[in-house]
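Trainee: I'd like to go over a predicted model; first the sequence, then the structure.
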Amino acid sequence: FLAMLDDVYRCVQCGWEGAAGKPSFDVSTTCWTCANPACAQRYDTHNGIPALVRPSMVAKRDEELMDKYYNGFLGKWYMEVMPWMGLAFRPNYWRGWLAYGAVVGSLAGLGLGVARGGPRVQAGCGVTLAAAGAFLTQHPYILWLLALAPATKASLSARSFTPKRGEAFGETHKEIIAELHAKQKRGEQVRILDTSTGTCNSLIKHGWLSVEGASFFASDLSHTMLTLGLKNVQQQTGAAVNACLGDCLRLPYKTGSFDVVTNYGALNSFSDPGKGLEELTRVLKVGGKLVILDEELYKEATLVEKLYFHKVLASHDVIHAFPRKSLPSNLKEVSIRQTYHFYYLFTAVKALPDIRDGKLLVNACLVNGKIELEYDVALVRAALMNGVILVIKGAFPAQWCHDLRKATLSWRSTTPMLPHGTPKEELTSDWRCWHRRDSDRNASRIPHLFQIHSFDRVDALHGPMHTFLRRLVDPMCALQAQLGAYDKAYELCPGKQHELGATCRPQIIQYPSGGGFFNEHVHSIEPQQCGLVCSISDDHNMKGGTTFETPYGSVDTSKEHGIGDIVVFRYDLRHAVSTVDAHLGPELDWECERNAGRWSLVTPVKYNDAM
């Protein structure tokens, strides 16, 4: 049942979401264990499904509802009972009415047997009728259904209800699915989460599983329901669904993980619907869509329709309409529409945080060699092109940065240094060089002081230098292509010339202890649109940083730009790199790895005739 495609999970005990390059759980066939050493919470699996929920944290009402209904009668017969609950308004539901007639006829027959039958018939019918009465006492919504269905059907038939154009249930789903297909074509990873999934009917019936190449996730608090749901998916579609037991008030997923989050028919029954809405929003990517369907009575309802709504459809609910007062502030493009007589359809988009200082921190993780952002790429790109500075946190593990820095020191110890400005014809055949820009220590006359390692032909490198450089450069180039929205031929070919006349030429820059800096300068926005600066410095060498002049004013990234983090900026913004040390020292330290100043990896895209 379980298809582990992505590490998007988090521990509900401690909130651990993993670290750069490290998973959030240690996974085995029998249990998942939180990878946070300070927690190490163990979560058992059932038939391969991890139970990422702590029973002590589940609200008492939610637990009672689950045990009484969804792990009991309703869970075992959900596929038959739930459609029957809509008997009064489902069109052409003749099978439901046949079942209704059979049940009512049987109860009437039992009553008649008690009233007119012989002693044995009376006894048998009496025991059976008593059992039926006990069952209906435990499930009163079925008794109300039997009493109200015909009258409600007649009332609804007397008037028609048609959603406004463009607000129908099916139309809304088609629009969102079309957007997901477009994302897939752009090479973006798409993740869809169905919460309170039950029988997975929503994933199957509403078209979500039609998004080819997407990763599908499902969670439910009931093991009975979830097992049935995964069985349905396998029998009807064969799709791979990542499933787990989870509480919607404490979802076991990382913040900003999904492009679409859905919840059908459950939000109103949460013990705390407002908190549930916050959790659904939390795990949604910025720019992602939230889709919720649940009970809400239309305004023109008659008395019998109101009784049917409250006693049958919404009998388990805490609230009987969408919790408008609990709407999270970061949900925009909100739409709440009456899509059926008794149901609302809610859709919204998670918006970017309010950007006032010109800087946006974006959490990221490395998935299958690609940097995945917590925010929708299109929204991040729009903010970037408007002059917002992005600080992408946790793109690479610290150890990877250490490995690359050490490999660079080793590589340059056997590679001759070339003076800056060496003519093209004097460069080595594989177009790799390094040089220092340190001809004058006087900062008032010389605008820069650093050491640069240029790798114009990455594929010509060998050993650790090639391995460790490509390990960071390839994901950076792929991200740069996405954010810059330029031709994907640059994506995974650093140093390889392209027919459009531009090449990605990675550079490792060292600003030495004793005063490395780079005064204010600017680049042409073509051809790459945006610049990426990955910090590969250890924490003790994190002094100084880059400051940008933006439409929002001066933006300093030095405090947020940690090891493995990437600063992304629109390439034509004026910027400067401050000195590593507050005061220029008497001697520059170039060689000591621990005290060799600040290190950065950049991926400039240059025209082929510009060396």
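Mentor: Arrived safely.
Trainee: where does pLDDT dip in the chain?
Mentor: Across the chain, the ranges flagged by pLDDT under 70 are 1-6, 19-21, 163-167, 419-433, 435-448, 485-502, 514-515, 539-544, 580-596, 607-611.
Trainee: mind listing the helices in it by residue range?
Mentor: Secondary structure of the chain by DSSP state H: the helices cover 60-65, 73-76, 78-85, 94-116, 119-138, 140-157, 169-185, 201-205, 223-236, 273-282, 303-308, 377-385, 398-413, 463-484.
Trainee: now do the second one: everything it contacts.
Mentor: Helix 73-76 is touched from outside by 69, 81, 82, 138, 139, 222, 224, 225, 228, with contacts defined as C-beta atoms under 8 Å, 6 or more residues apart in numbering. Heads up, the C-betas are built off the backbone N, CA and C, glycines and all.
Trainee: report the central residue of this structure.
Mentor: With distances taken as C-alpha atoms, centre = their mean, residue 257 lies nearest the centre of the chain, 1.4 Å away.
Trainee: so who does that one touch?
Mentor: Residues near residue 257 by C-beta under 8 Å, 6+ apart: 8, 191, 193, 283, 284, 285, 374.
Trainee: cool, and residue 548?
Mentor: Residue 548 sits next to 358, 389, 554, 555, 557, 569, 573, 574, 575 when contact means C-beta under 8 Å, 6+ apart.
Trainee: so it versus residue 569, what's the distance?
Mentor: Using C-beta to C-beta, to the nearest Å, one obtains 6 Å as the distance from residue 548 to residue 569.
Trainee: overlap in contacts of those two?
Mentor: Common contact partners of residue 548 and residue 569 (C-beta under 8 Å, 6+ apart): 389, 575.
Trainee: tell me, how many residues neighbour residue 115?
Mentor: 9 (other C-beta atoms under 10 Å).
Trainee: and the end-to-end length of stretch 188-205?
Mentor: One end of stretch 188-205 to the other measures 24 Å (C-alpha to C-alpha, to the nearest Å).
Trainee: for it, the distance to its chain's centre please.
Mentor: Put simply, stretch 188-205 sits 13 Å off its chain's centre (C-alpha atoms, centre = their mean, to the nearest Å).
Trainee: could you list the buried residues of that stretch?
Mentor: By neighbour count on 16 or more other C-beta atoms under 10 Å, the buried set for stretch 188-205 is 188-204.
Trainee: with stretch 39-52 instead?
Mentor: So, applying 16+ other C-beta under 10 Å, buried residues of stretch 39-52: 41, 43, 45, 49, 50, 51, 52.
Trainee: stretch 103-117 too?
Mentor: Neighbour-count burial for stretch 103-117 flags 107, 110, 113, 114, 117 (criterion: 16+ other C-beta under 10 Å).
Trainee: for residue 326, state which of those is nearest.
Mentor: Of all these, residue 326 sits closest to residue 107, with 41.6 Å by C-beta to C-beta.
Trainee: touching, the closest one and residue 135? I think so.
Mentor: No. The pair residue 107 and residue 135 does not pass the contact test of C-beta atoms under 8 Å, sitting 11.2 Å apart.
Trainee: need the helices of the chain in a markdown table (columns: distance to residue 296).
Mentor: Output for the helices of the chain, formatted as a markdown table (distance: least, C-beta to C-beta, whole Å):
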| stretch | distance to residue 296 |
| --- | --- |
| helix 60-65 | 20 |
| helix 73-76 | 22 |
| helix 78-85 | 16 |
| helix 94-116 | 23 |
| helix 119-138 | 27 |
| helix 140-157 | 16 |
| helix 169-185 | 13 |
| helix 201-205 | 18 |
| helix 223-236 | 23 |
| helix 273-282 | 12 |
| helix 303-308 | 12 |
| helix 377-385 | 30 |
| helix 398-413 | 50 |
| helix 463-484 | 39 |
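Trainee: hang on, the earlier thing: buried subset of the contacts of helix 73-76, written for PyMOL?
Mentor: Entered in PyMOL, the line below selects the buried ones among these, by 16+ other C-beta under 10 Å:
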select buried, resi 69+81+139+222+224+225+228
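Trainee: farthest-apart pair in the contacts of helix 73-76, please.
Mentor: Across these, the longest distance by C-beta to C-beta is 20.7 Å; it joins 138 and 228.
Trainee: which one of the helices of the chain lies closest to residue 529?
Mentor: Closest to residue 529 of the helices of the chain is helix 463-484 (C-beta to C-beta; 3.5 Å).
Trainee: got the angle between that closest one and helix 377-385?
Mentor: Counting by axes from the mean of the first three to the mean of the last three C-alpha atoms, to 10 degrees, helix 463-484 lies at 90 degrees to helix 377-385.
Trainee: if we can go back for a sec, closest to residue 347 out of the buried residues of stretch 39-52?
Mentor: Using C-beta to C-beta, residue 52 is the member of the buried residues of stretch 39-52 that lies nearest residue 347, at 26.9 Å.
Trainee: excluding residues flanking it in the chain, which one is nearest the closest one?
Mentor: Leaving out its chain neighbours, the residue that sits closest to residue 52 by C-beta to C-beta, 6 or more residues apart in numbering is residue 252, at 3.5 Å.
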